[in-house]
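> Sequence first, then the predicted structure:
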Amino acid sequence: MDSKKEEKLLALLFLNLNSRLKKTGKLLLNLSDACKELSECYGSLSSLAKKLGVSNEIIRAFVRISELPEEVKKLIEEEKINFDVAQRIHRLDKKIQIKIARMVAGMNANDARDLIQYAKRFPDESFEDFKDRLNAPRKQVEKYKLLIFPIENKFYDSLKLLANKNNLSIEKFIVKSLRDFLQKG
């Protein structure tokens, strides 16, 4: 590699690896290609990491992106797959990387991670069924507020007696009584 190209690649990595900028799309692919090329030039990932002042794992993570199939890289370039998801796809068997990448393209990060984890654990299963479950409308979770307030013992005893007459716990009796009161307006 000529020194001008080496300087250019090192500058790209110096400017971007340590910054807090989001590494997506073409930039992510350019960084991964630069890491791969320079690590090959220097003979190891650790030599490049040392030169840049970053960990070996950072360099390894970017090199992994460059090892993905071209179709997956295209989805990265189109910003349909981010760095984290691409890293997870890399851990899958080569035979299913493209299929899973197409499926997770555009998905939110949590669902993409879940689908990739499923594919890793069950590589011979149908991923479409699992994706459908992820995309199914989520059951609405009812939220509650907890109220804690002091009451006198004699008032508590009266409530407990009424709850027992209605075959309810005191908590359920209080909630029912409040609902009835609010419904009457």
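Structure received. Numbers count the residues shown, from 1 in each chain.

> The residue located most distally from the centre of the chain: which element?
Using CA atoms, centre = their mean, the residue of the chain lying farthest from its centre is Lys154. It sits 52.7 Å away. Taking DSSP states H and E as the definition, Lys154 sits inside helix 153-165.

> now the helix or strand following that helix against helix 153-165, angle please.
Moving toward the C-terminus from helix 153-165, the first helix or strand encountered (DSSP H and E) is helix 170-184. Note on geometry: by axes from the mean of the first three to the mean of the last three CA atoms, to 10 degrees, helix 170-184 and helix 153-165 are set 90 degrees apart in direction.

> quick one: buried residues of stretch 111-120?
Applying a neighbour-count criterion of 16 or more other CB atoms under 10 Å, the buried positions in stretch 111-120 are Ala112, Asp114, Leu115, Ile116, Tyr118, Ala119. The way it works is simple: take the backbone N, C-alpha and C, and place the C-beta from them, glycine included.

> before we move on, back to that, any idea how far the residue farthest from the centre of the chain is from Val175?
21 Å (CB to CB, to the nearest Å).

> In this structure, where is pLDDT below threshold?
Applying pLDDT under 70 to the chain flags residues 20-21.

> May I ask you to name the longest helix in it?
Looking across the chain with DSSP state H, the single longest helix is helix 25-42.

> Report all helices and strands that that helix contacts.
With contacts taken as 3 or more CB pairs under 8 Å, 6 or more residues apart in numbering; DSSP states H and E, helix 25-42 sits against helix 3-17, helix 45-52, helix 56-66, helix 70-77.

> Can I get those helices in CSV including distance to Lys165 and mean neighbour count?
Conversion of the helices and strands packed on helix 25-42 to CSV gives the following (distance: least, CB to CB, whole Å; neighbours: other CB atoms under 10 Å):
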stretch, distance to Lys165, mean neighbour count
helix 3-17, 71, 14
helix 45-52, 74, 18
helix 56-66, 66, 19
helix 70-77, 65, 17
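
> Now distance to Lys36 too, for those, in CSV please.
Formatted as CSV, the helices and strands packed on helix 25-42 follow (distance: least, CB to CB, whole Å):
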stretch, distance to Lys36
helix 3-17, 10
helix 45-52, 10
helix 56-66, 4
helix 70-77, 12
